[in-house]
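Asker: Provided below for reference: sequence and predicted model.
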Amino acid sequence: MSVQRIASRYAKSLFDSAVEQNKVMDILEDVKSLLNTSKDAEFSGFLKNPIIPVKNKLEVVKALFGGKFNPLTMSFLNLIFEKRRETVLPEIAGEFVNLYRASKNISSMKLVTATTVSEEVLGAIKDKLASGMTSGGTLEITTEVDNSLIGGFIADFGDKLYDASVAHQLKELKRKFS
């Protein structure tokens, strides 16, 4: 079974339980914390290390998150480790966040620019995109600065990628001339 399919099933199960117990926001905070921790290379490597016994991994996770996480999240983590799915934990967390966003009709956009974007420009972009959304949901924009773009921007919105960077235009010119 694919990682995406496994992650989707486990995340849906956790999301459904959270909705049933009216603890979606608590679980969301736990999952976001887990997702941020999973971005750490050492923690990620620890989870994926086949030499470390599962019970030791679970003890470390309980020590890290035991008093901070909701009991539902902790019982879910117990289940994940019991079923030996700890290597898929970051993907499960990401899928849970996606399910939450879908349930609240929240769209996200990643904007990569060559320089820092002012709040005024960011607000104008958000207003323009929000007016074009037919579903009436909300829009979250995350920004990133990448000096290698030289100028312009790259917008990743849902399943669309718009590259209006100077670096991309230079590559296209080079390709056309060769």
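Answerer: It's in. Numbers count the residues shown, from 1 in each chain.
Asker: Report the spatially closest residue to the residue nearest in space to the middle of the chain, excluding sequence-adjacent ones.
Answerer: For the chain, the residue nearest the mean C-alpha position is Gly94 (4.6 Å; C-alpha atoms, centre = their mean). Closest residue to Gly94 apart from its sequence neighbours, by C-beta to C-beta, 6 or more residues apart in numbering: Leu35 at 6.2 Å. C-beta coordinates here come from the backbone N, C-alpha and C atoms, glycine included.
Asker: Before we move on, what's the pLDDT of that neighbour?
Answerer: Looking at Leu35, its pLDDT reads 94.
Asker: list the contacts for it?
Answerer: Listed by C-beta atoms under 8 Å, 6 or more residues apart in numbering, the contact set of Leu35 reads Pro90, Ala93, Gly94, Val97.
Asker: would you turn the residues you listed into JSON lines with pLDDT?
Answerer: Listed next are the contacts of Leu35 as JSON lines, based on pLDDT from 0 to 100:
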{"residue": "Pro90", "pLDDT": "94"}
{"residue": "Ala93", "pLDDT": "96"}
{"residue": "Gly94", "pLDDT": "94"}
{"residue": "Val97", "pLDDT": "95"}
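Asker: By neighbour count, which of these wins?
Answerer: Ala93 (23 neighbours; other C-beta atoms under 10 Å).
Asker: Can you name the element that comes right after the longest helix along the chain?
Answerer: In the chain, assigned by DSSP state H, the helix with the most residues is helix 3-20. Using DSSP states H and E, the helix or strand that follows helix 3-20 in sequence is helix 24-38.
Asker: Work out the gap between that next one and the centre of the chain.
Answerer: Averaging C-alpha positions (C-alpha atoms, centre = their mean, to the nearest Å) puts helix 24-38 10 Å from its chain's average.
Asker: Restricting to C-alpha, output that helix in CSV.
Answerer: Extracted C-alpha coordinates of helix 24-38, given in CSV (Å, rounded to 0.1, in the frame of the first residue of the first chain):
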residue,chain,number,x,y,z
VAL,A,24,-10.6,19.1,16.4
MET,A,25,-8.7,22.3,17.4
ASP,A,26,-6.8,20.6,20.2
ILE,A,27,-5.8,17.7,17.9
LEU,A,28,-4.9,20.1,15.2
GLU,A,29,-2.5,21.9,17.5
ASP,A,30,-0.9,18.6,18.5
VAL,A,31,-0.6,17.5,14.9
LYS,A,32,1.0,20.8,13.9
SER,A,33,3.5,20.4,16.7
LEU,A,34,4.2,16.9,15.6
LEU,A,35,4.6,18.0,12.0
ASN,A,36,7.1,20.7,13.0
THR,A,37,9.1,18.2,15.1
SER,A,38,9.1,15.8,12.2
